[in-house]
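> build me a model from this:
(chains A and B)
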Amino acid sequence: MVAPDAVSEEDIDKLIIPDDLPDEPTFKAYIEAKVYDKEGHLIQHHRQPMRSLTQYFLALMSIPLVGTYNGSSSNQAQSLLVNILGLPSQISAYQYHAANILWDWSIVLGSGTQSFSPTLTNLAAPISNGTGAGNLYYGSLGVFYTATSITATTTVTNYSASAITITEIGLRATIYIQYQNLSAMYVYNTYSSLLSYDTFSTPISLPAGGLAAFQITLTFTG
Amino acid sequence: MIDKRNNDIDVDIPNDAYDTGKDIPTFRAYLIAIVRDSTGKVINVHKQKSHSPTANFIGLLLPLSWFNNTGSSYTITNVASGTCSYKPGIGSSPPGIAYPSTANNYPVYIVTIQVGSGSQPNPSSAITLAAPISNGSGSGQLLYYPASLPASVIVSGSSAYFYISQEYTNQSGATITVTEVGIILQLTLADSSASSTPNCGNILIWYDVLSSSVSIPNGGSLTLYYTFTVNP
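Purely as a prediction, here's the structure:
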């Protein structure tokens, strides 16, 4: 409770700006990494809090919060989708057909570092998917949820001949808008956004032939 | 051999490995209530952390991989206890969250930030407010103005936020006390041919019990702000 002494509109504007209230943290996010050598022995277990969600995460979560439309009688997309995620304000669809939106996530890893900004769009030095030198082979994304959290996991394998050092991690969204175009053909457009970016407090070294499991947990404690 | 190990690994970290006391919040939500009397003077300001996305919110935020991996759908429950099966997918048939188009539209939008005079103990499973205050000028009612949508995300250093707001006036003839708040979304799913358009109805997406109630005098008004922020 704030003392009722804020009487000006300027004071009220300040209240809307996030600050720190002296009670328990409401939402938390974690990054986990477990590294195994080629014999399958656990050689590193790293865990750290996630600190760095981006503005694109906010825009994505605005979809379940306020919807995709500007209002009940609108046929325009709400502003965050257009201004932040770069989605079209309206899809040109065939005759009586409709459009819909969905998204998937992926965990991306890199070998660089950069200062965090909520407007970051990519890792500093993403590690490509593959089996060649400097590449990591990315497994598919696993997802599970509880009443108050969503966890994403992926494993990567180092098939190259040398150890690979991982210093940064991000959660990326691929957004799909699918519809029937003006030629009555089913199509979808994709849009990509970086939802989070963190550098590891200790670099993760993945030996040749080894694999690592990475996990990002978003916890909404009710 | 590596491929087999890949499948065998248990990536679920035990809960007891978590040192939760040292974690830094990366996302927060706040609920701010401004109460004015009949002359427009601010008479109460209430600010608290907002705690409670509902199960509907979690389901709608899930990525496609969960649906593809499990083959399952997620059950959305509306405020009238009706249910809706949500299972998006790539292709012309699976209905997903409707998106604005030049052809048929099935708007998905915020209906209101609803206020109520009750409370309930487990917000994540809440499907409606415990005691919603209806829209009107009769006894026990508040006049609801439309919710204001965010125009953009405001970035400040490493932090970013947006907020939504709504105003209510009390023309009921008596003081009205608000103890709970929830965000109500109208959800319609649509496939790309518009041959399947399940109307999930009004769903509760976010819910908070106020840490202390706010009273709006007759002739007065209430303005609510929900602020959602990353890296505060």
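> the lengthiest strand in chain B: which residues count as buried?
Scanning chain B for the longest strand, with DSSP state E as the assignment, gives strand B:199-216. Buried residues in strand B:199-216, counted by 16 or more other C-beta atoms under 10 Å in any protein chain shown: B:200-210, B:214, B:216. For every residue, glycine as well, the C-beta is placed using N, CA and C.
> tell me, which of those make contact with chain A?
B:Ile205, B:Trp206 (C-beta under 8 Å from any C-beta of the partner chain).
> tell me the one of the buried residues of strand B:199-216 nearest B:Thr169?
Among the buried residues of strand B:199-216, B:Ile216 lies closest to B:Thr169 (C-beta to C-beta), at 8.1 Å.
> middle-most residue in chain A, spatially?
The centroid of chain A falls nearest to A:Leu195 when counting by C-alpha atoms, centre = their mean (2.9 Å).
> isn't that residue up against A:Ile175?
No - A:Leu195 is beyond contact range of A:Ile175, at 10.7 Å (criterion: C-beta atoms under 8 Å).
> overlap in contacts, those two.
A:Leu60 (C-beta atoms under 8 Å, 6 or more residues apart in numbering or on different chains).
> in its sheet, what does the helix or strand harbouring B:Leu222 sit against?
In this assignment (DSSP states H and E), B:Leu222 forms part of strand B:221-230. If you go by DSSP bridges, strand B:221-230 pairs up with strand B:27-36 (antiparallel), strand B:159-169 (antiparallel).
> switch those strands over to JSON lines; also include mean pLDDT and mean neighbour count.
Converted to JSON lines, the strands paired with strand B:221-230 look like this (pLDDT from 0 to 100; neighbours: other C-beta atoms under 10 Å in any protein chain shown):
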{"stretch": "strand B:27-36", "mean pLDDT": "92", "mean neighbour count": "22"}
{"stretch": "strand B:159-169", "mean pLDDT": "96", "mean neighbour count": "21"}
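> wait, which of the ones you listed is closest to B:Gln114?
strand B:159-169 (9.1 Å).
> give the contact list for A:Tyr176.
A:Ile101, A:Leu102, A:Trp103, A:Asp104, A:Tyr188, A:Asn189, A:Thr190, B:Leu64, B:Ile90.
> pick out the most distant pair among those residues.
A:Asn189 and B:Leu64 (15.0 Å).
> compare neighbour counts for those two and give me the winner.
Between A:Asn189 and B:Leu64, counted using other C-beta atoms under 10 Å in any protein chain shown, the more crowded position is B:Leu64 (21 against 15).
> phi and psi next, for that one.
phi -60, psi -30 (degrees, to the nearest 10).
> how far away is it from A:Ser106?
10 Å (C-beta to C-beta, to the nearest Å).
> now do B:Val230
19 Å.
> after the helix or strand encompassing A:Ile101, which helix or strand is next?
Here A:Ile101, judged by DSSP H and E, is contained in strand A:99-110. Per DSSP H and E, the first helix or strand lying C-terminal to strand A:99-110 is strand A:137-138.
> and the contacts of that following strand?
By C-beta under 8 Å, 6+ apart, strand A:137-138 touches A:Ser106, A:Ile107, A:Asn129, A:Gly130, A:Thr131, A:Thr154, A:Thr155, A:Val156, A:Thr157, A:Asn158, A:Tyr159.
> try 10 Å
A:106-109, A:127-131, A:154-160, A:211, A:214, B:2-3, B:6 (C-beta atoms under 10 Å, 6 or more residues apart in numbering or on different chains).
> okay, the angle between the one helix or strand A:Leu171 maps to and strand A:99-110?
Using DSSP H and E, A:Leu171 maps to strand A:164-180. Relative orientation of strand A:164-180 and strand A:99-110, computed by axes from the mean of the first three to the mean of the last three C-alpha atoms, to 10 degrees: 170 degrees.
> now find how far off-centre strand A:164-180 is within its chain.
7 Å (C-alpha atoms, centre = their mean, to the nearest Å).
> direction included, what does that strand pair up with?
Assessed with DSSP bridges, strand A:164-180 is paired to strand A:99-110 (antiparallel), strand A:186-206 (antiparallel).
> which one of those strands lies nearest to A:Ala29?
Nearest of the strands paired with strand A:164-180 (C-beta to C-beta): strand A:186-206, 7.4 Å.
> just the C-alphas of that closest one, formatted as PDB.
Coordinates of each C-alpha in strand A:186-206 appear next as PDB, following Å, rounded to 0.1, in the frame of the first residue of the first chain:
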ATOM      1  CA  TYR A 186      -2.900 -22.100 -47.800                       C
ATOM      2  CA  VAL A 187       0.200 -20.200 -46.700                       C
ATOM      3  CA  TYR A 188       2.000 -19.200 -43.500                       C
ATOM      4  CA  ASN A 189       4.300 -16.300 -42.800                       C
ATOM      5  CA  THR A 190       7.000 -16.600 -40.000                       C
ATOM      6  CA  TYR A 191       8.400 -14.000 -37.800                       C
ATOM      7  CA  SER A 192      11.300 -14.500 -35.300                       C
ATOM      8  CA  SER A 193      11.900 -12.700 -32.000                       C
ATOM      9  CA  LEU A 194      14.400 -13.100 -29.200                       C
ATOM     10  CA  LEU A 195      12.500 -13.500 -26.000                       C
ATOM     11  CA  SER A 196      15.500 -13.600 -23.600                       C
ATOM     12  CA  TYR A 197      19.200 -13.200 -23.600                       C
ATOM     13  CA  ASP A 198      21.700 -14.200 -20.900                       C
ATOM     14  CA  THR A 199      25.400 -14.800 -20.700                       C
ATOM     15  CA  PHE A 200      26.600 -17.600 -18.500                       C
ATOM     16  CA  SER A 201      28.300 -16.600 -15.300                       C
ATOM     17  CA  THR A 202      30.700 -19.500 -16.000                       C
ATOM     18  CA  PRO A 203      31.200 -20.600 -19.600                       C
ATOM     19  CA  ILE A 204      30.000 -24.000 -20.500                       C
ATOM     20  CA  SER A 205      32.600 -26.200 -22.100                       C
ATOM     21  CA  LEU A 206      31.300 -29.000 -24.200                       C
END
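> thanks again, I'm all set now.
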